[in-house]
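J.: Sequence unavailable; structure follows:
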């Protein structure tokens with residue numbers, strides 16, 4: 001009996017140890033997929049004047065990932081996809097996501113198919129090494145009614161299928177109207193998330209933008225657990241003389257409770273991409289602001 005008990009305890013201990021190692025491995029794997037990056041719109045003027053020099057500065061600061069906001073005539077900041085990928089690689093940078101608005105010119109409703117403009121967008125995103133192809137806007141004409149919105153969400157799902165063929169995922173990035181505009185009491189955002197397949201369409205939650213729409217980031221993350229594979233990490237303060245109530249600021253100095261939001265997103269929101277964005281600077285330069293933001297993220301353990 002004693003021998004059996006000793007054997008049982010020994011085997012139980014081994015099982016517990018193995019399960020602990022496994023859970024630690026799973027956690028480590030999840031963390032290994034995490035990344036911190038910067039949305040290049042934060043420093044749009046610098047990128048417009050000197051993209052190469054600005055990217056060098058970002059690399060020197062310690063950034064490893066960037067997210068584009070400029071794709072024109074099949075070029076990223078003036079570079080073809082394969083050339084821009086090399087530019088980034090030479091600086092120790094990657095571009096796992098990017099913003100290109102998918103609109104009416106990208107979908108031929110008569111053919112029920114994408115135009116070459118969108119197919120080229122997806123092709124170039126794959127070439128440059130993106131994981132997510134993100135549309136950061138939804139035209140008003142596509143959301144006049146709840147039915148209009150739901151119909152276009154089917155196009156979102158189809159874009160997800162198209163991106164999936166190249167090993168990527170289609171996504172959407174919110175502003176503020178998604179929370180302030182409602183149909184029969186249901187917000188545009190809730191309709192969008194309900195009408196899209198999470199296996200095909202990811203959400204990049206901008207935790208600052210939504211404040212101007214009357215929403216709070218913590219509440220949205222709790223309401224839609226697991227839906228936010230990417231997040232725009234942003235803080236907000238009351239705007240000084242702007243047409244909007246709030247404007248962005250250095251992380252940790254505003255009203256968003258940023259660390260609490262991103263910690264929850266890491267735990268239950270499914271978030272693996274944490275993309276810093278700042279669009280207002282309160283007298284500081286844009287490049288100095290994103291440097292401070294990165295230091296804050298590192299301090300927080302990201």
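T.: Cool, the structure landed. Keep in mind that what you see is a predicted model, and the values were worked out from it rather than measured. Numbers count the residues shown, from 1 in each chain.

J.: Isn't residue 125 up against residue 168?
T.: Yes. Here residue 125 reaches residue 168: they are 6.4 Å apart, a contact under Cβ atoms under 8 Å. Glycine gets a C-beta too; all of them are placed from N, C-alpha and C.

J.: Overlap of the contact sets of those two?
T.: Listed as contacting both residue 125 and residue 168 by Cβ atoms under 8 Å, 6 or more residues apart in numbering are residue 133.

J.: In the chain, what residue spans correspond to helices?
T.: All helices of the chain, identified by DSSP state H, fall at 2-33, 44-49, 51-61, 81-90, 116-128, 146-164, 177-180, 188-195, 217-223, 258-264, 286-299.

J.: Tell me the helices and strands packed up against the fourth one.
T.: Contact partners of helix 81-90 among helices and strands, from 3 or more Cβ pairs under 8 Å, 6 or more residues apart in numbering; DSSP states H and E: helix 51-61, strand 75-76, strand 94-99, helix 116-128.

J.: can you pull up the bridge partners for the closest residue to residue 38 other than its chain neighbours?
T.: Among residues not flanking residue 38 along the chain, residue 276 sits closest, at 4.8 Å (Cβ to Cβ, 6 or more residues apart in numbering). With DSSP bridges as the criterion, residue 276 is bridged to residue 38, residue 233.

J.: Give me the distance between residue 276 and residue 37.
T.: Computed as Cβ to Cβ, to the nearest Å, the residue 276 to residue 37 distance reads 7 Å.

J.: circling back to that earlier point, quick one, which of residue 125 and residue 168 is more surrounded?
T.: residue 125 (26 against 21; other Cβ atoms under 10 Å).

J.: Name the nearest residue to the more buried one, sequence neighbours excluded.
T.: That would be residue 133: by Cβ to Cβ, 6+ apart, it lies 4.7 Å from residue 125.

J.: what's the answer for residue 62, then?
T.: Residue 62 sits nearest to residue 294 (Cβ to Cβ, 6+ apart), 6.1 Å away.

J.: returning to what we had before: turn the helices and strands packed on helix 81-90 into a markdown table, including mean pLDDT.
T.: Shown next, in a markdown table, are the helices and strands packed on helix 81-90 (pLDDT from 0 to 100):
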| stretch | mean pLDDT |
| --- | --- |
| helix 51-61 | 98 |
| strand 75-76 | 98 |
| strand 94-99 | 98 |
| helix 116-128 | 98 |
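
J.: Distance to residue 255 added to these, as a markdown table?
T.: Listed next are the helices and strands packed on helix 81-90 as a markdown table, based on distance: least, Cβ to Cβ, whole Å:
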| stretch | distance to residue 255 |
| --- | --- |
| helix 51-61 | 26 |
| strand 75-76 | 34 |
| strand 94-99 | 25 |
| helix 116-128 | 34 |
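
J.: Highest mean neighbour count across these, which stretch is it?
T.: Sort those by mean neighbour count, taking mean count of other Cβ atoms under 10 Å, and strand 94-99 sits at the top with a mean of 23.

J.: List the contacts of that strand.
T.: 35, 37, 39, 41, 64-69, 71, 76, 84-85, 88, 125, 128-136, 171, 173, 204, 230, 273, 275.

J.: and the gap between the residue nearest to residue 38 and residue 106?
T.: 28 Å.

J.: do residue 265 as well
T.: Counting by Cβ to Cβ - residue 265 and residue 106 are separated by 29 Å.

J.: how close does the residue nearest to residue 125 get to residue 209?
T.: Residue 133 is 19 Å from residue 209, by Cβ to Cβ.

J.: which residues does residue 277 contact?
T.: Taking Cβ under 8 Å, 6+ apart, we find residue 277 in contact with 38, 39, 41, 42, 206, 208, 232, 233, 234, 248.
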